[in-house]
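Q: Structural data only, the sequence is not supplied:
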């Protein structure tokens with residue numbers, strides 16, 4: 001796999017500007033599932049730049065991955081899911097293709113680590 005270092009640096013810089021302060025974990029990912037960038041909320045999760053995202057955590061959690069669908073359609077894709085051990089609490093999981101860069105997508109969820117029922 002050839003890595004375009006300049007493209008990834010450009011995408012990584014834009015990613016950090018937009019997502020570093022997002023309250024839940026967000027990652028910029030290559031279609032190969034290699035993590036290109038992580039926001040501050042995801043850094044302490046055990047994930048790191050360069051790893052294959054599907055190797056993080058429970059393999060069963062990745063069975064519903066919609067990255068290929070999002071990239072093939074070039075449109076935002078999402079699903080609702082539950083994190084193990086969080087009965088009754090569901091989150092929404094997103095895969096967002098990066099416009100103009102068909103091999104990359106932003107992946108995140110909302111509602112797993114934060115309760116948005118009240119303003120912060």
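A: Alright, I've got the coordinates. Just so it is clear, the structure is predicted and the values come from calculations on it, not from any experiment. Numbering: from 1, shown residues only.

Q: measure the residue nearest to residue 76 when sequence neighbours are not counted to residue 55 for me?
A: Closest residue to residue 76 apart from its sequence neighbours, by CB to CB, 6 or more residues apart in numbering: residue 96 at 5.0 Å. Any C-beta I mention is one placed from the backbone N, CA and C, and that applies to glycine too. To residue 55, residue 96 is 22 Å away according to CB to CB, to the nearest Å.

Q: Among those two, which residue is more densely surrounded?
A: residue 96 (17 against 11; other CB atoms under 10 Å).

Q: So in terms of bridging, what pairs with residue 27?
A: Going by DSSP bridges, residue 27 is paired in beta bridges with residue 38, residue 107.

Q: Count the residues that sit near it.
A: Residue 27 - counted by other CB under 10 Å - has 22 other residues nearby.

Q: dump the residue contacts of it.
A: 35, 36, 37, 38, 39, 42, 47, 53, 106, 107, 108 (CB atoms under 8 Å, 6 or more residues apart in numbering).

Q: Buried ones among those?
A: Those of these that meet the buried threshold are 35, 36, 37, 38, 39, 42, 47, 53, 106, 107, 108, by 16 or more other CB atoms under 10 Å.

Q: And these, which is closest to residue 90?
A: Comparing these against residue 90 with CB to CB picks out residue 108 as the nearest, at 15.0 Å.
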